[in-house]
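A.B. asks: just the structure for this:
(one chain, ligands or ions: 1)
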Amino acid sequence: MASDASLPASGTRWPAITKPRSDWNVVPNLVDYDRTRAAFSWENARRDLDGLPGGRGLNIAHEAVDRHAAGRLATRVAIRWLSKDGQRRELTYADLREGTSRFANVLQALGIGNGDIVAALAGRIPELYIAALGTIKNGSVFTPLFSAFGPEPIQTRINIAKARVLVTTPALYQKKVEALRGSLPSLEHVLLVGAGASFAGTRDLAALMAGADSQFVIPPTDPNDVALLHFTSGTTGKPKGAVHVHEAVVAHHATARFALDFHDDDIFWCTADPGWITGTSYGIIAPLTHGLTSIVDEADFDAERWYTILEKERVTVWYTAPTAIRMLIRTGAAAARARDFRSLRFLSSVGEPLNPEAVRWGVEAFGRPFHDNWWQTETGGIMIANFAASEVRPGSMGRPLPGIDAAIVRRVDNRIEVIDEPGIQGELALKPGWPSMFRAYLSDDVRYRRCFADGYYLTGDLARRDSDGYYWFVGRADDVIKSSGHLIGPFEVESVLVEHPAVAEAGVIGKPDPIALEIVKAFVALKPGFEPSETLRRELLAFTRVRLGAAVAPKELDFRPSIPKNRAGKIMRRLLKARELGLPEGDTSTLEAS
Ligand code: PRX
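C.D. replies: Next up, the predicted model:
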């Protein structure tokens with residue numbers, strides 16, 4: 001029986017959703033939570049994978065592609081691609097092996113090898129998947145750039161990564177990269193996908209692929225060789241490149257089995273874009289290591305289109321995000337109930353808090369609850385989840401996966417204290433040791449080391465644990481913004497705003513939004529000689545949109561005579577937010593007199 005300590009922060013307690021065994025049409029992978037946890041070891045989990053032939057190490061692309069292509073799954077569809085304009089293209093595991101081998105050979109021919117960084121800027125097109133896995137196959141490092149980024153975030157990330165290759169489309173190149181080319185010193189090769197205009201200093205990927213050998217022997221790969229570089233944001237400073245290694249595949253594989261309940265023959269749809277880590281860990285790698293068929297939809301969200309995909313493609317396991325679920329809720333459950341979702345077995349969600357209403361709405365619309373799970377770019381894979389066979393507690397992120405030890409802690413100077421008592425809010429911390437743990441922030445050791453104390457990795461999230469071991473998200477400990485599931489660093493936005501000639505200072509916050517969770521809101525103080533006006537407000541919004549892209553730019557902007565700062569000159573975003581929301585201002589004793 002749950003005690004009072006199991007109350008979430010809001011104090012509301014939605015009834016848990018229990019799922020009778022009679023509802024199981026396949027037996028879930030994780031039935032006995034305690035026993036599985038007790039018996040689990042990462043060493044054993046490693047045995048579910050092959051390793052490179054001849055004991056030459058562990059390579060993600062071998063586990064995801066080549067080993068299946070060499071066996072009974074060769075002709076199984078690995079990726080079923082649905083284009084924006086209604087085309088359908090299927091890549092079997094054998095096709096994927098050939099495509100990724102050709103891509104790896106293209107890299108070899110360009111002199112790109114072990115540890116070299118290959119960036120991709122593309123929508124959800126098959127070539128993106130081929131480039132990602134072909135890069136990894138070659139022992140190079142794949143770094144995705146979200147296609148809705150503007151030139152500024154693209155430039156920053158390519159330069160931090162020191163990427164040597166960029167794979168993109170002619171349209172994205174022209175719109176976002178061409179003008180920057182002179183300020184991307186590391187970038188040697190731009191490979192364009194798809195026919196169209198040719199640009200100076202670019203190559204046609206299709207032609208290179210056609211001329212490349214279709215066979216490729218994966219070079220020896222140490223499990224600790226770097227495979228992926230994923231950018232994420234903090235409150236201050238530049239984006240951080242979280243470094244992930246080939247061994248991460250052990251966690252991708254095992255966590256998908258537990259938290260997404262993958263079974264043979266599943267048709268899986270992860271709606272996340274590979275520009276973000278969910279779209280690579282679970283949109284590319286995990287379903288392939290399990291030999292499943294993945295749906296890849298090129299188009300943006302559209303409720304009717306999504307219902308058609310779920311129904312007609314007979315999706316069995318669906319991994320999506322709260323913003324999308326809230327958009328579906330807005331269209332009403334009737335539209336969902338009119339469809340035949342008999343194939344759909346497991347619904348899951350990640351990336352932002354999932355409202356208890358949304359969990360229950362799953363039952364109303366699909367006959368099944370959404371299973372919330374939690375993780376971060378840094379953790380590389382799912383850490384906490386509501387499982388298929390366990391009761392779902394609406395509003396809770398669930399319980400730590402086998403192999404994952406979580407705790408609620410309090411920072412005291414440079415040390416931490418573990419809070420054992422249930423119900424008490426603190427920072428969510430994890431004991432390092434799982435294979436998909438990030439190994440560094442690229443070229444930023446100080447920031448990396450700051451994430452650890454007393455044998456724990458500190459997540460920057462505030463949470464509480466109930467007396468049954470379920471974790472409840474409370475909020476972020478820092479000022480990063482979550483908008484439509486995307487993590488945005490306020491500093492990146494402020495830095496662009498202050499480059500406008502009219503702007504003296506800028507402060508950026510996440511303003512609560514019923515659909516997107518938060519929207520980016522900017523406050524600016526103008527330089528002498530400039531007056532606030534509607535025209536200037538629009539100009540500033542347009543300026544940031546062009547530079548940062550739609551995914552990152554502010555949606556709202558207000559003028560202020562000054563931006564509150566503390567005596568150390570740090571922008572007090574919390575105060576800006578409190579004032580915006582009419583909340584108590586808290587401790588303002590360090591506020592700089594203005
Ligand atoms: O604040 C947490 C929130 O998203 C952050 C991680 O974002 P990102 O690095 O972009 O990771 C993407 C992969 C999921 C977390 O620190 N977050 C993630 N999942 C949840 C969540 N907040 C509440 N509930 C969740 N289930």
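
A.B. asks: C-alpha from now on. contacts and neighbour counts both.
C.D. replies: OK.

A.B. asks: any idea of the mean pLDDT in the helix or strand where residue 518 lies?
C.D. replies: Secondary structure assignment for residue 518, by DSSP states H and E: strand 517-526. Regarding strand 517-526, the rounded mean pLDDT is 98.

A.B. asks: other SSEs contacting it?
C.D. replies: strand 481-483, strand 503-513, strand 556-559 (3 or more CA pairs under 8 Å, 6 or more residues apart in numbering; DSSP states H and E).

A.B. asks: can you give me the neighbour number for the residue in the stretch 51-200 of the chain that the ligand sits nearest to?
C.D. replies: Among all residues of the stretch 51-200 of the chain, residue 146 sits closest to the ligand, at 12.0 Å; criterion: CA to the nearest ligand atom. Residues near residue 146, counting by other CA atoms under 10 Å, number 20.

A.B. asks: the one 4 residues further on now?
C.D. replies: When counting by other CA under 10 Å, one arrives at 23 neighbours for residue 150.

A.B. asks: relative to residue 301, how far out is it?
C.D. replies: 20 Å (CA to CA, to the nearest Å).

A.B. asks: pairing partners for residue 144 in the sheet, please.
C.D. replies: Applying DSSP bridges to residue 144 yields these beta-bridge partners: residue 120.

A.B. asks: which residues touch the residue of the stretch 51-200 of the chain closest to the ligand?
C.D. replies: 121, 122, 123, 273, 274, 275, 276 (CA atoms under 8 Å, 6 or more residues apart in numbering).

A.B. asks: follow-up on the earlier one: do you know which of the helices and strands packed on strand 517-526 lies nearest the ligand?
C.D. replies: strand 481-483 (7.1 Å).

A.B. asks: briefly note if the helix or strand following that closest one comes near the ligand.
C.D. replies: For strand 481-483, the following helix or strand on the C-terminal side (DSSP H and E) is strand 486-488. Yes: applying CA under 6 Å from any ligand atom, one finds strand 486-488 touching the ligand at 486, 487.

A.B. asks: quick one: average pLDDT of strand 486-488?
C.D. replies: Here the average pLDDT along strand 486-488 is 95.

A.B. asks: give me every residue in the chain lying close to the ligand.
C.D. replies: Counting by CA under 6 Å from any ligand atom, the chain sits next to the ligand at 232, 277-278, 350-353, 372-377, 397, 461, 473, 476, 486-487.

A.B. asks: which of those residues fall in helices?
C.D. replies: 277, 278 (DSSP state H).

A.B. asks: on that earlier part again, buried deepest among the helices and strands packed on strand 517-526, which one?
C.D. replies: With neighbours taken as mean count of other CA atoms under 10 Å, those reach their highest mean count in strand 481-483, at a mean of 24.

A.B. asks: off-centre distance for that strand?
C.D. replies: Here the centre of strand 481-483 is set off from its chain's centre by 12 Å, with CA atoms, centre = their mean, to the nearest Å.

A.B. asks: could you list the low-pLDDT ranges of this structure?
C.D. replies: Within the chain, the stretches with pLDDT under 70 are 1-12, 196-197, 593-594.

A.B. asks: give the buried residues for the strand holding residue 518.
C.D. replies: 517, 518, 519, 520, 521, 522, 523, 524, 525, 526 (16 or more other CA atoms under 10 Å).

A.B. asks: which parts of the following helix or strand past it are buried?
C.D. replies: Next helix or strand after strand 517-526 toward the C-terminus (DSSP H and E): helix 534-548. By neighbour count with 16+ other CA under 10 Å, helix 534-548 contains the buried residues 537, 540, 541, 542, 543, 544, 545, 546, 547, 548.

A.B. asks: dump the strand holding residue 518 to PDB, restricted to CA.
C.D. replies: The C-alpha coordinates for strand 517-526 follow below in PDB (Å, rounded to 0.1, in the frame of the first residue of the first chain):
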ATOM      1  CA  LEU A 517       5.200  22.800 -22.000                       C
ATOM      2  CA  GLU A 518       7.200  26.000 -22.400                       C
ATOM      3  CA  ILE A 519       7.700  28.600 -25.100                       C
ATOM      4  CA  VAL A 520      10.800  30.700 -25.400                       C
ATOM      5  CA  LYS A 521      10.200  34.200 -24.100                       C
ATOM      6  CA  ALA A 522      12.700  37.000 -24.400                       C
ATOM      7  CA  PHE A 523      13.100  40.200 -22.500                       C
ATOM      8  CA  VAL A 524      15.300  42.900 -23.900                       C
ATOM      9  CA  ALA A 525      16.600  46.300 -22.700                       C
ATOM     10  CA  LEU A 526      17.400  48.700 -25.600                       C
END
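
A.B. asks: so where do the helices sit in the stretch 351-500 of the chain?
C.D. replies: Using DSSP state H, counting those that start in this stretch, the helices of the stretch 351-500 of the chain run over 356-366, 445-449, 490-497.

A.B. asks: out of these, which is the most enclosed?
C.D. replies: Using mean count of other CA under 10 Å, helix 490-497 ranks as the most buried of the helices of the stretch 351-500 of the chain, with a mean of 22.

A.B. asks: ok, back up a step: with distance to residue 533 as extra columns, can I get the helices and strands packed on strand 517-526 in a markdown table?
C.D. replies: Below are these laid out as a markdown table (distance: least, CA to CA, whole Å):
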| stretch | distance to residue 533 |
| --- | --- |
| strand 481-483 | 27 |
| strand 503-513 | 13 |
| strand 556-559 | 9 |
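
A.B. asks: what about residue 520, distance to the ligand?
C.D. replies: Here residue 520 is placed at a distance of 15 Å from the ligand (CA to the nearest ligand atom, to the nearest Å).

A.B. asks: dump the residue contacts of that residue.
C.D. replies: Counting by CA under 8 Å, 6+ apart, residue 520 has contacts 481, 483, 508, 509, 510, 511, 552, 553, 554, 555, 556.

A.B. asks: okay, now the domains of the chain?
C.D. replies: The record's domain split for the chain, according to automatic domain parsing, is 47-465, 481-581.

A.B. asks: ranking those domains by burial, who's on top?
C.D. replies: domain 47-465 (a mean of 20).

A.B. asks: how long is that one end to end?
C.D. replies: Start-to-end, domain 47-465 (CA to CA) is 32 Å.

A.B. asks: kindly report the same for stretch 426-435.
C.D. replies: 25 Å.

A.B. asks: same deal with stretch 222-238?
C.D. replies: End-to-end for stretch 222-238, by CA to CA: 30 Å.

A.B. asks: residue 30 reaches residue 401, doesn't it?
C.D. replies: No: using CA atoms under 8 Å, residue 30 makes no contact with residue 401, being 9.8 Å away.

A.B. asks: overlap in contacts of these two?
C.D. replies: Common neighbours of residue 30 and residue 401 (CA under 8 Å, 6+ apart) are residue 258.

A.B. asks: what secondary structure does residue 269 sit in?
C.D. replies: Look at residue 269: counting by DSSP: H, G, I helix; E, B strand; the rest coil, its state is strand.

A.B. asks: tilt between the helix or strand encompassing residue 157 and helix 534-548?
C.D. replies: Assessed by DSSP H and E, residue 157 sits inside helix 151-161. Helix 151-161 runs at 30 degrees relative to helix 534-548, counting by axes from the mean of the first three to the mean of the last three CA atoms, to 10 degrees.

A.B. asks: residues contacting the residue nearest to residue 517 when sequence neighbours are not counted?
C.D. replies: Once flanking residues are discounted, residue 517 sits nearest to residue 483: 5.9 Å by CA to CA, 6 or more residues apart in numbering. Taking CA under 8 Å, 6+ apart as the criterion, residue 483 is in contact with 510, 516, 517, 518, 519, 520.

A.B. asks: 7 Å - rerun?
C.D. replies: Contact analysis of residue 483 by CA atoms under 7 Å, 6 or more residues apart in numbering lists 516, 517, 518, 519.

A.B. asks: likewise for residue 455?
C.D. replies: residue 431.

A.B. asks: can I assume residue 564 is in contact with residue 577?
C.D. replies: No: between residue 564 and residue 577 there is no contact under CA atoms under 7 Å: 10.9 Å.

A.B. asks: with that, I have no additional questions.
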